[in-house]
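S.K.: Sequence and computational prediction follow.
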Amino acid sequence: MPLNKVSDDPLFNIPFMDKMVHAGIFGIYAYLLSGYLLHRSKFNKNTVIFIFIVVTLSTAYGLFIEILQYFVPGRNFDFLDIIANFIGIIAANIIFQVKLIFLPINPDD
């Protein structure tokens, strides 16, 4: 549901709040996907291919959702949503990689 439909309350009337929500949601998604793939796969946590896969899957998912919204009545395709999603995905990957540096995961877990 679009954020502007949730409430007319001034609390929800923050500039670019919709884009911050997109970045946050896709950041959480990418972070959880990183943890899942690292735990369930043979990827090394520091490989470029691991980061590429997480960014590609997360971005493709966000793009797919935006394309679907083009065909849903009352919704629309917004390129800025895709950019916000991507910013959240990149931020989550940076946070995930920094966390791994300071709190390494035991591969036997």
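M.R.: Cool, got the structure.
S.K.: Need the residue closest to the centroid of the protein.
M.R.: Among the residues of the chain, the one closest to the centroid is residue 26, at 1.9 Å (Cα atoms, centre = their mean).
S.K.: That one is in what secondary structure piece?
M.R.: Counting by DSSP states H and E, the element that carries residue 26 is helix 17-40.
S.K.: quick one: contacts for the residue nearest to the centre of the chain?
M.R.: Taking Cβ atoms under 8 Å, 6 or more residues apart in numbering, we find residue 26 in contact with 58, 62, 84-86, 88-89, 92. Where C-beta positions appear, they are placed from N, C-alpha and C, glycine not excepted.
S.K.: Filter these down to the buried ones, PyMOL style.
M.R.: If you want just the buried ones from these in PyMOL, going by 16 or more other Cβ atoms under 10 Å, the selection is:
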select buried, resi 58+62+84+85+86+88+89+92
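S.K.: List just the nearest of the contacts of residue 26 to residue 17.
M.R.: Proximity of those to residue 17, judged by Cβ to Cβ, is greatest for residue 84, which lies at 10.8 Å.
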